[in-house]
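**Student:** I need the structure of the sequence given here:
(2 chains)
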Amino acid sequence: MAPSSTPTNSSPPSTSATVDNNLQPFFVLHKASSGKSERNSTGSAQTRRRVDLSPSLQANSKKLEVQRVEECDDGCYVNLRVEAFEIVWSKIESTIKNVLRDVNTNVFNEIHQWVRQSFNTIMSFRTVAFHEATGAYPIITDVSSKQLFTGLVLTKNMEFVDDLLTFEELGLHLKSQGCHVANLSSLDFTGKSGINGCLRSLLRQFLMVSLDATDISVLASWYREQGNYGNPVIVIVKDIERCCGSVLSDFILMLSEWVFKVPVILIMGVATTLDAPRNILPSDVLQHLCPCKFTLGTPTERMDAVIEAVLVKPCAGFSISHNVALFMRNYFVRQDGTLTSFIRALKIACVQHFSIEPLSFILGGLSSEEDGEVLQDGLLLQMVSKHVFDLPSYARNKKGEQNGESFACGLSEMKKSQKHWGIMVLPIKETFVKGRQILDVILIANEAVEVCRKAKKEGIVFKVDLEKAYDYIDRDFLDFILQVKGFGQRWRKWIKRFLSSVKTYLFFKKWKAKVLGFLESSIKKVEIRLEGGKKPAYLEEGDSPSSKLLLLAYPPIISLFTVFPSCLYEAGKYGKIGLLDLLCEALDPELYNFRTSDTRTKLEGDPSLISSNHCRKQYPLFRKGGFISQAVWKVRDLPIAQLCELLQRWEELTVDVIKIVLPNIVKTILCNRYYLEAFVHHTFLPYLIVLCLYITAIVYRNVDELGLPFELRHSQLPCIHEKLKELRSVLELVSSKSSKEDMAVISKRHASRNRLYIDDTEAVYEKATVLMECMIRDYMLPIECLPLHEVFCFKNVEKLQLALIGDPRRRIQVDLLESHIILRCRCCSGSGNILLPTMHDTSIMYNLAQEHGDLINLHDWYQSFKSTVLGPRSKRKLKSKQSPLSKKRKNEPESLSEAAIQARFCRAVTELQITGLIRMPTKRRPDFVQRVAFGL
Amino acid sequence: MDINDGEEDEFGFSRNYFLAKDLAASGKKSTHKLSDIDLVDEQELRAEASNVEPKHEKEIESLMESYKSLYSKWVFELRCGFGLLMYGFGSKKALIEDFASTALTEYSVVVINGYLQSINIKQVVITLAELLWDQLKSKRRTPSRNLPKAQQPFNTRSMDDLLAFLDGSQVEENDCVVCVVIHNIDGPGLRDSETQQYLAQIASCSQIRIVASIDHVNAPLLWDKKMVHTQFNWCWYHVPTFVPYKVEGMFFPLILAHGGSAQSAKTAAIVLLSLTPNAQSMPIDNLYTVSRERFLVSSQVTLNSHLTEFKDHELVKTRRHSDGQDCLYIPLASEALEKLLSDMYQ
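**Tutor:** Residues are numbered from 1 along each chain as shown, chains lettered A, B, ... in the order given. Alright, predicted model coming up:
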């Protein structure tokens, strides 16, 4: 072993040695010291396992122990945290891997099936006898049989980084199915190393040897060996767009020549479009390919899956604060856009947390063992109690009782509430369902009406009962009517388009003014109610043909007519809300506080304030346009089938925590046809929400016995429960009423909606909303509002940002422009913008350079530098510093220092050149240097 | 910190660029020549440059001292598998080496001086592999049963093999690690993309940790997303030191020592003065005939030998004319030549 004799932490090596080393391309600074094991044996600071530590501890005197605690702050303590980080991060990492693998499972299986099929095809072509195949030459057959089966895996992602792991996993998956797999990347297909490069890499991966002389016949003979024969050979090229085209085509030609002897199946990752191979490869190569297309999941899908698994559900105990979440979202959306970078940001956040927060080592224990067990150790307990009382949230929540017991108890509560939180966030996400169009319009209309009302604008309100208008009018008939009434072809085409999709509003916008004028002239201030059942007959009534038409041309016109494009825009965006956005909002403590205070007053306030017509106002707790409020709104608009799904998901999610059999009531109600239909009318939806909440409440009541988070325990759970009961009784009443009518005719059903009934509904509706607020408030507690969250939650955005995104371009310039601030130098500060001769030379130079354009005249630059350095005549600071002589004689030191000034000028220019801020003079412009960076 | 300022930055940047361009175009270009400065002798300049009096020594020292408190954090991050990337104005050589020799004593440390002109990356990898091998051997006192026998010496192995060894899955214990300190990972010797690829591969090895420094503002452009996110895995640290770039700047030419026409004239004069009188007075045109008329040379051979001399000192260069004839010319500006001649015949 013999550790080097180089002094490890003592004085720096002698100067001559340093100079030598400076000119060496590389050198060994020192070898690993063996000090580590020695320190371990003395047991001072390097203890790595708690188990080792505890027995020796008992023997020690208390005094020593205290001393130890101090020591441990740098020693074992750090080790514990590193260990905890490793545990936590490996957990997060494996979770992410699993999630990503799950996302891709279907595609992987598809690919595998295709591989098997194509392999069978190849084998069926193989009529060659075995001995014939042993020759070192390819078998000549016709072109059509030299087909190379190629799977094009479309990654839908320009960022190739995100798919590195995918292809690795794909390789493993295929390997586990018995295929021979080699993974090649664009680095193997460079023009420099040519075909040899990829072949070498191929042989390396299949044969496990590296050969200098590469030949594909080696591969063929390898394939003939026992155990290799009879399985497909897969070659994965991860990123064909970045490969050198000629090398890749050579490679493909070669493989296709040999495909009979080595049944190679090619899988290529394509980032752009499926045309990519056509752009890269010449046509004679393309004809050898027999392509098949596969598509991977979109980045957003993957992102959502990862966030759900890691941040929303309790994964390893580590969590992030609102600010950090916000930062990470912006980083993802604006800066990089790759999942990989997001994961890296998370990892940096994690590592920063563990390196800053002294108590974070608890996390390692928490995620792996039962609560509290970590604290069995006397020494650790001391450390914990030493630090825990410094935590602001702890001090806030628990004054007085300061012992380990309460701490452990707090920890476990913390852990539980984290779980609850995840449960609440997910259902909200679930309510966003893709592919709905029609019902969006209702939302738009509602919003529009509300805006109108607020602005006290006059307008026309159409109340269109969607179900009827939509279902009962024959579109062809409508078209026919239009034709009969003499409408032109173009207009009819418009209407047809409206009928088929909501999305045409954009198209219509162009015509807004024209159409509006037309509409207004024909139907001014008409309020029309369209009730169901009246259907086409209605067409025959009415005043002007256009009004009728408009009534029938429904939602798009409504949206157009109320003319609030912003609302439309909002509505259009709804479907695209990411989980990350929701997470950000759910994590916001300020918003939470706002919500809480707001709803508390509301609960006590006069309920009559809330008008049932103003549905929008019933959600004051949500920030306007906030994602959560949007989500709540979504629930109201859900079609039946999706609502069922949603409820099922809620069930599953809540069941996860406590294995409780949910009341059958959900299912019975869901099976009740009347209710399902009713939801379409948006009347009974709140009941359903309440129901979900009710179920959740039941779940939580049971949790209560096990120990709820203390904030919740004292909250309004009983009150919620009471209200739920009340609501449920109403619900049951309605349900019993309705069940009688269940089989009745549709028109009759509508007739049965009497006034009293509606009043009832409104009351329940109102209560339901309030309740929902309560639920969200209580269970979606942002982590920052919990006691002890410092242990789990990383909050320091700035640190994360600094470590994650180095910004040398900006920061190096700032260093130069504001050197005196960083140096904290007394003589230079306080000067304002005036350059003082005492400042750092390069800093002066760069400040001077700011006055020039993109080219700096060296002569001018030098002169201004010189005058700055010499300073005003009255001040002697510089001269006194430079030489004692200068005080007496004025002219001489200047001429004396000319060389010095030039030397300093030269050095400053060199330093600026090293930082890359200027470029040296060119032959064309020998007297100018070029500025490279402009502004910060 | 404002998270939303990204776009404005972009905008501000492009605006500044065009403003600077405008400024250069509108304001009349300064016509001052570098030669207008009364330049001192090069040797004197070099002597001065080597002992420029440092400023703010105390402040710099306290700045360096303040970074020492970060050492433990840096070690923590290294242990967690990150690479450290130091940037900010000033030479960070001393800082990083101090960090390595005080805080990284448990690990072997190899220093690469990226500011040098050429670095053989394979040699570095071989050294790394040897160090790791030593470390592994010393760790396992027991006869090595896990270590592969019949070691092929490292310096005959291929790069891939070496990297595979450094990425060693054969090592269970994770803390058997070699640290690589790279001064100026953006330096001239490491700047090409092939070397950067190798460095990235080295960095991604499980037994290697990297501490590197950059000085160039555009250094991040050397790396693509794969290298940044999955291989180097940088933790950035802004550590301006304001220490002069003494070693790093060693290979940069002094701007006032080269390039100016006066300077070329001077060097030309020196070369000419050291020639034989015959060669000195040789005119440029009409070459052989004129030379012969003046009895400067007697044959083509002697002329050629003189010319070789000039070519070696870059006083004369050849250029192939369109009709295939070689033409000689002097690569000096005409005013420089005039100055030279007037100096010579004074």
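
**Student:** Show me the domain layout of chain B.
**Tutor:** Residue ranges for each domain of chain B read B:57-143+B:151-251, B:261-344, as given by automatic domain parsing.

**Student:** Which of those sits closest to chain A?
**Tutor:** Nearest to chain A, of all those, is domain B:57-143+B:151-251, at 3.1 Å by C-beta to the nearest C-beta. Yep, even glycine has a C-beta here, placed from its N, CA and C like the rest.

**Student:** pLDDT of that closest one, averaged?
**Tutor:** Taken as a whole, domain B:57-143+B:151-251 has a mean pLDDT of 87.

**Student:** now the end-to-end length of it.
**Tutor:** From the first residue to the last, domain B:57-143+B:151-251 extends over 24 Å; the measure is C-alpha to C-alpha, to the nearest Å.

**Student:** Neighbours of the residue in the stretch 701-850 of chain A positioned nearest to chain B, how many?
**Tutor:** Going by C-beta to the nearest C-beta, chain B is nearest to residue A:806 of the stretch 701-850 of chain A, at 3.1 Å. Burial of residue A:806, expressed as a neighbour count using other C-beta atoms under 10 Å in any protein chain shown, amounts to 22.

**Student:** hang on, the earlier thing: of the domains of chain B, flag the one that's most buried.
**Tutor:** The highest average neighbour count among the domains of chain B, using mean count of other C-beta atoms under 10 Å in any protein chain shown, belongs to domain B:57-143+B:151-251 at a mean of 19.

**Student:** Determine how far that one lies from the middle of the whole chain.
**Tutor:** Between the mean C-alpha point of domain B:57-143+B:151-251 and the mean C-alpha point of its chain there is a distance of 17 Å (C-alpha atoms, centre = their mean, to the nearest Å).

**Student:** Make CSV from the domains of chain B and add distance to chain A to it.
**Tutor:** Compiled in CSV, those are given as follows (distance: least, C-beta to the nearest C-beta, whole Å):
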stretch, distance to chain A
domain B:57-143+B:151-251, 3
domain B:261-344, 7
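
**Student:** returning to that earlier point: the residue of the stretch 701-850 of chain A closest to chain B contacts residue B:85, doesn't it?
**Tutor:** Yes: using C-beta atoms under 8 Å, residue A:806 is in contact with residue B:85, at 6.2 Å.

**Student:** where does the stretch 201-350 of chain A dip in pLDDT?
**Tutor:** Counting by pLDDT under 70, the stretch 201-350 of chain A shows low-confidence ranges at A:210-214, A:226, A:312-317.

**Student:** For the stretch 101-250 of chain B, just list every one of the helices.
**Tutor:** If DSSP state H, counting those that start in this stretch is used as the criterion, the helices of the stretch 101-250 of chain B fall at B:121-139, B:159-166, B:193-203, B:225-226.

**Student:** Compare these and report which one is nearest to residue A:167.
**Tutor:** Evaluated over those, closeness to residue A:167 peaks at helix B:225-226, with 12.3 Å, by C-beta to C-beta.

**Student:** counting contacts, what elements does that closest one pack onto?
**Tutor:** helix A:161-176 (3 or more C-beta pairs under 8 Å, 6 or more residues apart in numbering or on different chains; DSSP states H and E).
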